[in-house]
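[1] Please find the sequence and the predicted model below.
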Amino acid sequence: MRSEAEYVIVGAGSAGCALAWRLAEAGRSVIVVEAGGSDRGPLIQMPAALSYPMNMARYDWGYQSEPEPHLGGRRLATPRGKVIGGSSSINGMVYVRGHARDFDFWAESGATGWSYADVLPYFKRMESWHSGGHGGDPDWRGTSGPLNVTRGPRQNPLFHAFVEAGRQAGYEVTGDYNGQKQEGFGPMEQTVWKGRRWSAANAYLKPALSKFDCTLVNGNVRRVVFDGNRATGVEVQRGGQQTTIKATREVIISASSINSPKILMLSGIGPAEHLKRHGIEPLIDLPGVGQNLQDHLELYIQYASLQPITLYRYWNLFGKAMIGAQWLFSKTGHGASNQFESAAFIRSAAGVEYPDIQYHFLPIAVRYDGQAAAEGHGFQAHVGPMRSPSRGSVTLRSANPDAAPVIRFNYMSTDKDWQDFRTCIRLTREIFAQDAFAPFVKREILPGASVESDDALDDHIREHAESAYHPCGTCRMGAANDPMAVVDPSCRVRGAESLRVVDSSIFPRITNGNLNGPSIMVGEKASDLILGVPNLSAANDEPWVHPNWRTEQR
């Protein structure tokens with residue numbers, strides 16, 4: 001086993017894979033330490049099989065939240081990828097950059113150099129965008145990057161009905177929510193290429209391993225090793241043995257918004273009193289480590305279908321076998337798409353500058369765990385607010401590195417959360433009541449037509465809201481005078497030398513939509529900061545914002 005390199009990256013996830021490629025491409029020696037194993041096999045590589053890997057201990061850390069007090073004491077699943085590619089190998093493959101104003105907020109809150117103008121060139125650098133002849137904003141997109149971004153065929157009429165219903169309800173239509181105009185209804189994009197999941201491992205890590213001085217080591221990082229305050233390597237558990245892997249330049253933690261703060265705290269970096277309670281000698285007192293935890297919650301608004309045109313026709317052993325066989329032999333058919341092929345981003349109210357509600361449309365009524373609705377043929381919209389004010393934490397359960405951390409999201413802890421979710425449900429019902437869905441809507445399955453009052457809606461939200469699996473923010477980036485910032489705008493851990501955190505944990509605030517795209521972008525941009533090369537030239541492109549947002553909701 002190789003035991004020394006210039007850079008040691010902890011975690012082969014979305015950001016870590018991008019880092020490995022860019023650093024190794026620049027001629028640096030890199031070791032990537034990943035606790036999970038191979039991504040070989042159809043359950044990961046077939047896009048339509050997405051519900052399987054995130055429910056398998058082989059590929060997922062299996063984390064759960066603590067009982068959530070505002071959700072009836074439920075524990076919510078918190079999947080994180082334990083496999084090369086990290087969560088990009090078990091996620092829904094939905095590709096969303098986020099809204100321009102998300103990144104402007106980052107810069108305004110102390111993450112200097114991370115405004116939209118600063119990050120757009122990195123989104124372009126990482127993309128190979130394929131519109132499939134369905135329009136879009138080519139000037140805003142990249143065409144030669146490692147990450148292939150495509151669109152599904154949208155052959156089911158329900159995908160078009162969803163977009164048309166949004167238009168009929170008075171909302172904008174957008175040909176490319178990742179281009180100039182996020183707001184509106186339109187096609188959804190996916191990290192799928194030639195019928196296969198295009199994870200960060202496929203896009204970045206595997207090419208780096210084959211072309212450059214990049215080595216993958218399988219093992220579980222227990223802690224960062226220091227000489228004084230300088231990180232010199234990591235202690236790794238491999239089988240029943242512990243070994244140290246040395247970094248001659250830097251250690252970079254890219255282990256997820258759950259595991260990155262855990263590793264820092266096990267290494268003596270975090271809230272001093274919390275560390276002392278677990279018998280860990282504090283090295284650097286950083287109270288922000290593990291704080292600022294954010295996520296997106298969502299509901300499934302489900303309808304029974306009048307017509308037998310949904311994916312439910314394949315929701316049986318024979319149908320799944322036929323889809324699987326076609327995919328195995330040709331990488332085509334229903335198995336070659338994640339089936340999220342139409343989307344929307346809308347604003348909840350007048351006075352909201354940019355979208356704060358996201359929709360994924362799916363032509364079957366089914367949960368992420370693969371449980372289909374008893375109604376048979378149906379369809380659903382996943383809907384949820386994008387910028388919840390609730391904040392949670394990740395803390396240590398014990399000083400034992402094998403112990404799962406304590407994850408408290410504190411979901412729905414403010415009045416605004418409840419107001420926003422009620423708005424989501426009512427606006428969604430209005431969309432499905434449009435003429436475009438008249439040939440398809442039989443009846444509402446969930447929440448159910450009788451669930452109308454605020455109290456009834458709140459009871460439904462409390463029982464049925466689920467994580468969209470977008471945790472972030474637990475090692476947030478900020479200015480030097482911000483006592484809760486964990487890393488500076490160059491991703492360097494405050495008070496430490498030769499140590500950075502580069503993954504979704506550094507987000508100051510959660511971005512609009514799914515987080516895989518922004519997480520990869522963080523790896524791309526951080527690589528230039530680490531290498532000390534000039535940042536890509538800032539973009540001058542001005543995003544579309546509704547001209548009457550102050551007075552109109554749509």
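    Happy to help now that I have it.
[2] any idea how far the longest strand belonging to the chain is from the chain center?
    The strand that spans the most residues within the chain, counting by DSSP state E, is strand 241-253. Distance of strand 241-253 from the chain centroid (CA atoms, centre = their mean, to the nearest Å) equals 27 Å.
[3] Each with direction, which strands does that strand pair with?
    strand 4-10 (parallel), strand 230-238 (antiparallel), strand 499-501 (parallel) (DSSP bridges).
[4] so which of those is the most packed in?
    Ranked by mean neighbour count, the strands paired with strand 241-253 are led by strand 499-501 with a mean of 27 (mean count of other CB atoms under 10 Å). Every residue, glycine included, has its C-beta placed from N, CA and C.
[5] Give me the helices and strands touching whichever helix or strand comes after that one, please.
    As assigned by DSSP states H and E, the chain's next helix or strand after strand 499-501 is helix 516-531. Under the contact definition 3 or more CB pairs under 8 Å, 6 or more residues apart in numbering; DSSP states H and E, helix 516-531 sits against helix 14-25, helix 116-126, strand 241-253.
[6] Send me helix 516-531 as CSV with only the CA atoms.
    Extracted in CSV, the C-alpha atoms of helix 516-531 (Å, rounded to 0.1, in the frame of the first residue of the first chain):
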residue,chain,number,x,y,z
ASN,A,516,-24.3,17.1,-6.4
GLY,A,517,-23.5,19.8,-9.0
PRO,A,518,-22.5,22.5,-6.5
SER,A,519,-20.4,19.9,-4.6
ILE,A,520,-18.4,19.0,-7.7
MET,A,521,-18.0,22.7,-8.4
VAL,A,522,-16.5,23.2,-5.0
GLY,A,523,-13.9,20.6,-5.8
GLU,A,524,-13.1,22.2,-9.1
LYS,A,525,-12.7,25.7,-7.7
ALA,A,526,-10.8,24.5,-4.6
SER,A,527,-8.3,22.7,-6.8
ASP,A,528,-7.2,26.1,-8.2
LEU,A,529,-7.0,27.6,-4.8
ILE,A,530,-4.8,24.7,-3.6
LEU,A,531,-2.6,24.7,-6.6
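[7] Quick one: end-to-end length of stretch 136-146, please.
    End-to-end distance of stretch 136-146 (CA to CA, to the nearest Å): 20 Å.
[8] Next: stretch 111-120.
    Per CA to CA, stretch 111-120 runs 15 Å from first to last residue.
[9] for the record, mean pLDDT for it?
    Averaged over stretch 111-120, pLDDT sits at 98.
[10] by how many degrees do the strand or helix carrying Leu264 and strand 230-238 diverge?
    Using DSSP H and E, Leu264 maps to helix 256-266. Going by axes from the mean of the first three to the mean of the last three CA atoms, to 10 degrees, helix 256-266 is angled at 110 degrees with respect to strand 230-238.
[11] Which other helices and strands does helix 256-266 contact?
    Counting by 3+ CB pairs under 8 Å, 6+ apart, helix 256-266 packs on strand 220-227, strand 241-253, strand 393-395.
[12] Out of the ones you listed, which is the most enclosed?
    The most buried stretch of the helices and strands packed on helix 256-266, if neighbours are counted by mean count of other CB under 10 Å, is strand 393-395, with a mean of 24.
[13] residue nearest the centroid of this structure?
    The chain has Leu515 as the residue nearest its centroid, 2.7 Å off, counting by CA atoms, centre = their mean.
[14] Could you find the closest non-adjacent residue to Gly113?
    Nearest residue to Gly113, sequence neighbours excluded (CB to CB, 6 or more residues apart in numbering): Pro489, at 5.2 Å.
[15] go on, Gln190?
    Met93 (4.7 Å).
[16] contacting residues for the one you found?
    With contact set as CB atoms under 8 Å, 6 or more residues apart in numbering, Met93 has these partners: 47, 50, 190-192, 197-198, 338, 340, 516.
[17] let's see it at 7 Å
    Each residue near Met93 by CB atoms under 7 Å, 6 or more residues apart in numbering is listed here: 47, 50, 190-192, 197, 338.
[18] Ok, Ser537 next?
    Contacts for Ser537 were tallied using CB under 7 Å, 6+ apart; they are Pro121.
[19] And it, how far from Met126?
    Separation of Ser537 from Met126 (CB to CB, to the nearest Å) stands at 16 Å.
[20] Then Glu183?
    23 Å.
[21] and what of Met412?
    Relative to Met126, and taking CB to CB, Met412 is found at 34 Å.
[22] Among those two, which residue is more densely surrounded?
    Taking other CB atoms under 10 Å, Met412 and Met126 do not tie; Met126 has more neighbours (25 against 22).
[23] For that one, which non-adjacent residue is closest in space?
    Of all residues not flanking Met126 in the chain, Gly145 sits nearest, at 4.3 Å (CB to CB, 6+ apart).
[24] For burial, what's the neighbour tally of the one you found?
    Neighbours around Gly145, by other CB under 10 Å: 21.
[25] Could you check how far stretch 165-184 is from the centre of its chain?
    With CA atoms, centre = their mean, you get 22 Å for stretch 165-184.
[26] before we move on, what about stretch 140-147?
    19 Å.
[27] Start and end of it, how far apart?
    End-to-end distance (CA to CA), stretch 140-147: 15 Å.
[28] in that stretch, what counts as buried?
    140-142, 145-147 (16 or more other CB atoms under 10 Å).
[29] can you put these in TSV and add pLDDT, distance to Ala403 and secondary structure?
    Putting those into TSV (pLDDT from 0 to 100; distance: CB to CB, whole Å; DSSP: H, G, I helix; E, B strand; the rest coil) gives the following:
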residue	pLDDT	distance to Ala403	secondary structure
Trp140	96	45	helix
Arg141	96	44	coil
Gly142	96	41	coil
Gly145	98	39	coil
Pro146	98	36	coil
Leu147	98	34	strand
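[30] Kindly reformat these as JSON lines containing distance to Gln155.
    Below are the buried residues of stretch 140-147 laid out as JSON lines (distance: CB to CB, whole Å):
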{"residue": "Trp140", "distance to Gln155": "26"}
{"residue": "Arg141", "distance to Gln155": "24"}
{"residue": "Gly142", "distance to Gln155": "27"}
{"residue": "Gly145", "distance to Gln155": "28"}
{"residue": "Pro146", "distance to Gln155": "28"}
{"residue": "Leu147", "distance to Gln155": "25"}
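[31] with the residues you listed in mind, which one is nearest to Arg22?
    For those, the residue nearest Arg22 by CB to CB is Pro146; the value is 9.5 Å.
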